[in-house]
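Visitor: Quick one, structure for this:
(2 chains)
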Amino acid sequence: GAGVSQSPSNKVTEKGKDVELRCDPISGHTALYWYRQSLGQGLEFLIYFQGNSAPDKSGLPSDRFSAERTGGSVSTLTIQRTQQEDSAVYLCASSLVRRTGELFFGEGSRLTVL
Amino acid sequence: TQLLEQSPQFLSIQEGENLTVYCNSSSVFSSLQWYRQEPGEGPVLLVTVVTGGEVKKLKRLTFQFGDARKDSSLHITAAQPGDTGLYLCAGARNAGNMLTFGGGTRLMVKP
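Guide: Modelled structure (predicted):
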């Protein structure tokens, strides 16, 4: 499809395990965002990639969280030594960078840490 | 403290009622967007406003950007059950800058 694709859609893991979440943005979109959303709440900004610029990592909650974007396209969010409070929906969005750039979101990856 | 404060956080109304959701900040934004999110899906853009004082209408939804470009409102006339969802405002401080989201307003419209 032509939309933002995220995988896995659901992930259940045990406390202490590492997880990787993947995002395939819309082709040609130079900006990519990761957000975290707890049950029914707003979006918590995690990290922002824009072209070849250094990513804005100011939203990452701890050093257990990291993300990379290879070749300006696919992005992977890695959470090491998961904790129960990491349980949430992780949303990826991409956009064209312009004054009124619309964000196109994936359906999210629901992470449950037991 | 969030850069964008939305109110109310929760709203439960009967079908046919009117409502207004607010998005406020002490910062100036070059543009502001409203999104709606339904369960199990990502947010979807409803509208973008860029000019202070701008009013945009989308069927029964009316969006307004404050004159000083620090706040916005969303007014829904004659709400329908299909309007149920999480409404999110998002602002960009500068052109091409990343978007910051408010905490959201969860709306439930009962038939």
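Visitor: CA only for contacts and neighbour counts going forward, please
Guide: OK.
Visitor: Can you pull the residues of chain A lying near chain B?
Guide: Within chain A, the positions near chain B by CA under 8 Å from any CA of the partner chain are A:40-45, A:48, A:91, A:97-108.
Visitor: Quick one: buried ones out of the residues you listed?
Guide: Buried members of those, counted by 16 or more other CA atoms under 10 Å in any protein chain shown: A:40-45, A:48, A:91, A:97, A:100-108.
Visitor: Next, the contact list for the residue nearest to residue A:93 when sequence neighbours are not counted, please.
Guide: Nearest non-adjacent residue to residue A:93, counting by CA to CA, 6 or more residues apart in numbering or on different chains: residue A:105, 4.2 Å away. The contact partners of residue A:105, taken as CA atoms under 8 Å, 6 or more residues apart in numbering or on different chains, are A:3, A:4, A:91, A:92, A:93, A:94, B:42, B:43, B:44.
Visitor: which SS class is residue B:46?
Guide: For residue B:46, the secondary structure call by DSSP: H, G, I helix; E, B strand; the rest coil comes out as strand.
Visitor: Need the distance between the two termini of stretch A:54-72.
Guide: Taking CA to CA, to the nearest Å as the measure, stretch A:54-72 stretches 12 Å from start to finish.
Visitor: contacts for the helix-or-strand element of chain A with minimal mean pLDDT?
Guide: Sorted by mean pLDDT, DSSP states H and E, the helices and strands of chain A end with strand A:44-50, the least confident at a mean of 91. The contact list for strand A:44-50, computed with CA under 8 Å, 6+ apart, reads A:30-37, A:55-61, A:67, A:69, B:98, B:100-101.
Visitor: ok, now with 6 Å
Guide: Taking contacts as CA atoms under 6 Å, 6 or more residues apart in numbering or on different chains, the residues outside strand A:44-50 that touch it are A:30, A:31, A:32, A:33, A:34, A:35, A:36, A:55, A:56, A:57, A:59, A:60.
Visitor: Any chance of a ChimeraX selection covering the buried ones in those?
Guide: Selecting only the buried entries of the contacts of strand A:44-50 in ChimeraX, with 16+ other CA under 10 Å as the criterion:
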select /A:30,31,32,33,34,35,36,55,60
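Visitor: Just put the contacts of strand A:44-50 in CSV and tack on secondary structure.
Guide: As requested, the contacts of strand A:44-50 are arranged in CSV below (three-state DSSP):
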residue, secondary structure
A:30, coil
A:31, strand
A:32, strand
A:33, strand
A:34, strand
A:35, strand
A:36, strand
A:55, coil
A:56, strand
A:57, coil
A:59, coil
A:60, coil
